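> have a look at this fold, sequence not included:
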């Protein structure tokens, strides 16, 4: 394996992978089992790939090692949704082995795939077979067999890729029969299909690009390392694999909410830098840097570490960091100046503001919903939701902007829970609790049950119990044809979901909403609260109110303008 890489070649490789994935993005999105407009597996994986490319192209004097380190960094920074987070772990696990290797041979690739498998499974609390996790495991098993049967003969890289792709195609097809819900919908797992398209993109890069293919030796030896047959999956429930996060200046990203600090700034300078070296002891470095301030984030590996800290002595941070390596991408910003610009001249007045002990972060989209969350005490709102999943970076950035010792995060979407938990692992010196809210009504109910005077353990228990008792419904339109247990669904039809399950199909918005409510009502409910989306017209709201009042004259009806996209009506029943 050569030591240096040409940036143009790196860009060609990245483009080949991304271009192939783009061609299949919509098809992968459409593989979502339920035909609702949140089947964004393809989009989330594509955004992760684009983030990898962005970070790779920032590499100065690129070597194989530095490129792989930056690729890992980009994968985590751009990870969105469950598929993006799992992909970032697959990339991380694979490159961890390559970074520490002097050459690439069959045994190294086998070990790298095993590492991908272990890190990816470890990132998920309850791994489900028949998904992209199964596919990465199958890839490892396949290469494991090749290593065992190769008898130290060389194999061409192109032949190996062809073989892996062929086996991955079979693995993707098998997902339909492993997961009953996939078989019922007659689709393969979208994440697994995404992994396949990435492999095909890699093959295209090295087959069709003459310069790219010349960057790696085209023959791989079996290697001299000892070979063990089929290692046991290490499903680390804590997902303790170290991950690099890149907190570069992304304030121009329109998806990030502008954060206005609500308390006096204790530490003046936001200090960020990258340290490159060899054999860096992250534990010792982290301990020292954390003593210089707060909101510290020190993550990476023995060769590259990202440092972020709020401090009054940035010179101490730089002096300590330079002892273990060379300094890069240094940024030191005066947060008091930034706050004055954001909040206005009134912040020049000295005020004594009590630092909040605990703060709440939620993910939501829609002006009305955001106003509701603010009115019930939420500190920061991260823009996102169905088909707009925030990245790990977005959540970490929001956490670090708060002067609070304890942070509670409400994802309000099943596809954001994993991302929130990944952000939680990256932030030290703060206690982070993720309340696994899957819908907006669950989030509102959980926040309303929060007691600022109670302990975190008591609050977490009470909020999770509230979620379990929550009854929430959503009305949207099918984004594709589908066949589910409720019947045949045509693209454009209105579908009603209750606690995440499709219950109603209709060609009329009001009928779908009323039928869903009638289907789930038990007779002891007292209040129905509606959150009308962007697509809900005033006439629709009045028609729905009249229909529900006629069907259930004893029940109280509340209607709020939520402004959420894609879902004309969201409601809760209490």
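Thanks, I have it. Please read all numbers here as calculations on a predicted model, not as lab measurements. Numbering: from 1, shown residues only.
> stretch 380-394: end-to-end distance?
As for stretch 380-394, its first-to-last residue distance stands at 11 Å under the measure Cα to Cα, to the nearest Å.
> residue 441: which element?
Residue 441 belongs to helix 440-448 when elements are defined using DSSP states H and E.
> list the helices and strands that helix packs on?
Taking 3 or more Cβ pairs under 8 Å, 6 or more residues apart in numbering; DSSP states H and E as the contact definition, the neighbouring helices and strands of helix 440-448 are strand 358-364, helix 367-375, strand 406-410, helix 456-469, strand 472-477, strand 527-532, strand 569-573. No exception for glycine: its C-beta is placed from N, CA and C like everyone else's.
> out of these, which is closest to residue 125?
The closest approach between residue 125 and any of the helices and strands packed on helix 440-448, judged by Cβ to Cβ, belongs to helix 456-469 at 14.4 Å.
> now do the buried residues in the closest one.
Across helix 456-469, burial judged by 16 or more other Cβ atoms under 10 Å covers 459-460, 463, 466-467.
> same deal with stretch 306-315?
In terms of neighbour count (16+ other Cβ under 10 Å), stretch 306-315 has its buried residues at 306-311, 314.
> now those in TSV, with distance to residue 44?
Conversion of those to TSV gives the following (distance: Cβ to Cβ, whole Å):
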residue	distance to residue 44
306	23
307	28
308	24
309	30
310	30
311	34
314	36
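> what is the nearest of those to residue 329?
Lowest distance from residue 329 to these (Cβ to Cβ) belongs to residue 306, with 8.9 Å.
> tell me the angle the helix holding residue 441 makes with helix 367-375.
In terms of direction (axes from the mean of the first three to the mean of the last three Cα atoms, to 10 degrees), helix 440-448 departs from helix 367-375 by 20 degrees.
> avg pLDDT for helix 440-448?
Per-residue pLDDT values over helix 440-448 give a mean of 93.
> again with stretch 63-77
This predicted structure assigns stretch 63-77 an average pLDDT of 85.
> from the chain's centre, how far out does it sit?
How far stretch 63-77 lies from its chain's middle: 18 Å, per Cα atoms, centre = their mean, to the nearest Å.
> got any ranges where the stretch 1-150 of the chain has weak pLDDT?
1-5, 37-39, 150 (pLDDT under 70).
> same question for the stretch 251-400 of the chain.
Across the stretch 251-400 of the chain, residues meeting the criterion (pLDDT under 70) sit at 251-265, 295, 297, 299-300, 335-356, 386-387.
> for residue 312, what are its contacts?
Contacts were defined as Cβ atoms under 8 Å, 6 or more residues apart in numbering; by that measure residue 312 touches 267-269, 293.
> ok, so of these, who is nearest residue 377?
residue 267 (25.5 Å).
> hang on, that closest one packs against residue 314?
No. Assessed by Cβ atoms under 8 Å, residue 267 is found out of contact with residue 314, at 9.8 Å.
> can you redo the buried residues of stretch 306-315 as JSON lines with secondary structure and distance to residue 435?
Supplementary listing: these in JSON lines, determined by DSSP: H, G, I helix; E, B strand; the rest coil; distance: Cβ to Cβ, whole Å:
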{"residue": "306", "secondary structure": "strand", "distance to residue 435": "28"}
{"residue": "307", "secondary structure": "strand", "distance to residue 435": "30"}
{"residue": "308", "secondary structure": "strand", "distance to residue 435": "25"}
{"residue": "309", "secondary structure": "strand", "distance to residue 435": "28"}
{"residue": "310", "secondary structure": "strand", "distance to residue 435": "26"}
{"residue": "311", "secondary structure": "strand", "distance to residue 435": "31"}
{"residue": "314", "secondary structure": "helix", "distance to residue 435": "35"}
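> how close does residue 67 sit to residue 304?
Remark: distance between residue 67 and residue 304 (Cβ to Cβ, to the nearest Å) = 11 Å.
> confidence score at residue 209?
Reported pLDDT at residue 209 in the predicted model: 50.
> can you check residue 170 too?
Each residue has a pLDDT score; the one for residue 170 is 96.
> list the contacts of it.
By Cβ under 8 Å, 6+ apart, the contact set of residue 170 is residue 138.
> look up how far residue 134 lies from it.
When distance is defined by Cβ to Cβ, residue 170 is 12 Å away from residue 134.
> residue 464 too?
In this structure, residue 464 and residue 134 are 29 Å apart, going by Cβ to Cβ.
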